[in-house]
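Asks: need coordinates for the following:
(one chain, ligands or ions: 1)
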Amino acid sequence: MQENSRWHAFENADQIAVAACQQILNAAERAIADHGMFKLVLAGGKTPEHVYQLLSQADTNWSKWVIYYGDERSLPADHPDRNSVMASQAWLSKVSIPSEQIHTMPTEIGTELAAAFYQPLVSAALPFDLVLLGMGEDGHTASLFPGHQQNEDELVHAVYNSPKPPQERITLSAAALSTSHEVIFLIAGGNKQEVVKHWQQGADLPVARILPENPIDIYILREYLQTPATSDLSPDYCCQQGYALDSANQHHDNMPG
Ligand code: 6PG
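Replies: Down below sits the predicted model:
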């Protein structure tokens with residue numbers, strides 16, 4: 001498990017979405033004040049959809065936002081299972097981010113070609129301001145799956161044997177996803193309790209290989225956190241909404257500034 005991690009436990013996915021949306025907007029404000037733009041990497045899957053819907057209602061300087069994707073499925077550009085289609089329908093089509101600042105992964109041109117196309121964009125963008133990620137029941141994140149080998153030098157990988165359909169995808173590498181001022185994991189949906197336990201016990205999972213310099217924020221359903229043995233019970237472990245637990249077992253405010 002990442003040494004530096006802040007676990008934010010919530011009762012339901014709606015609360016996760018509200019808190020994550022607030023952290024994203026705060027990060028945008030800071031980044032725009034600091035260097036005039038906000039470089040955000042989007043997560044795929046289902047969990048972020050509500051965050052994106054909330055963002056579509058936000059009042060922020062959209063002209064300064066630059067959007068990248070952490071991964072994309074190799075499907076036609078308008079396929080409903082594309083991560084870009086979900087993000088567009090929930091959010092991006094409803095706000096005024098200039099279209100040239102929305103960098104979709106063009107997997108419709110072919111997996112290998114799309115990875116080669118995206119690599120220089122990522123290289124020019126690093127470091128990102130914020131990377132959003134999900135996690136699957138097997139500990140995958142973006143399209144980095146357990147047991148898959150990647151060339152360490154690549155920023156973008158072509159994936160041909162994803163256990164989660166479709167088999168072909170492209171994904172940013174763990175190194176690229178780690179090169180960000182902030183990283184937020186959104187963990188809800190499905191049966192993720194076991195894999196969270198393995199992650200916390202130090203298993204070598206893709207999710208554990210995201211290692212930015214700053215602490216990561218993990219927004220997670222409380223039900224996924226283990227109930228410790230009675231002798232281990234401490235008020236710190238049983239976090240309440242409004243408080244979080246970091247990896248050193250210390251409470252801090254749940255809304256990072
Ligand atoms: C994808 C992903 C993937 C996803 C997780 C969690 O394209 O499928 O980016 O890594 O984020 O599988 O997905 P859920 O939020 O739907 O559980």
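
Asks: hmm, the longest strand anywhere in the chain in reach of the ligand?
Replies: For the chain, the longest strand by residue count, based on DSSP state E, is strand 180-187. No: between strand 180-187 and the ligand, judged by Cβ under 6 Å from any ligand atom, nothing touches; the nearest distance is 6.8 Å. All C-beta spots, glycine's among them, are computed from the backbone N, C-alpha and C.

Asks: what's the angle between the next helix or strand after that strand and strand 180-187?
Replies: Next helix or strand after strand 180-187 toward the C-terminus (DSSP states H and E): helix 193-200. Interaxial angle, helix 193-200 versus strand 180-187 (axes from the mean of the first three to the mean of the last three Cα atoms, to 10 degrees): 150 degrees.

Asks: what's whichever helix or strand comes after helix 193-200 packed up against?
Replies: For helix 193-200, the following helix or strand on the C-terminal side (DSSP H and E) is strand 216-221. Counting contacts by 3 or more Cβ pairs under 8 Å, 6 or more residues apart in numbering; DSSP states H and E, strand 216-221 is packed against strand 5-10, helix 13-35, strand 180-187.

Asks: so who does residue 165 touch?
Replies: Residue 165 makes no contacts at all, as judged by Cβ atoms under 8 Å, 6 or more residues apart in numbering.

Asks: ignore the last one, residue 134
Replies: Per Cβ under 8 Å, 6+ apart, neighbours of residue 134: 43, 44, 45, 47, 48, 141, 185, 186, 187.

Asks: quick one: contacts for the nearest residue to the last one once chain neighbours are set aside?
Replies: Nearest residue to residue 187, sequence neighbours excluded (Cβ to Cβ, 6 or more residues apart in numbering): residue 220, at 4.2 Å. Residues in contact with residue 220 (Cβ under 8 Å, 6+ apart) are 7, 8, 9, 10, 16, 185, 187, 188, 196.

Asks: now do residue 220 against residue 5, distance only.
Replies: Separation of residue 220 from residue 5 (Cβ to Cβ, to the nearest Å): 11 Å.

Asks: now residue 179
Replies: Residue 179 sits 17 Å away from residue 5, going by Cβ to Cβ.

Asks: do residue 41 as well
Replies: Computed with Cβ to Cβ, the distance linking residue 41 and residue 5 is 18 Å.
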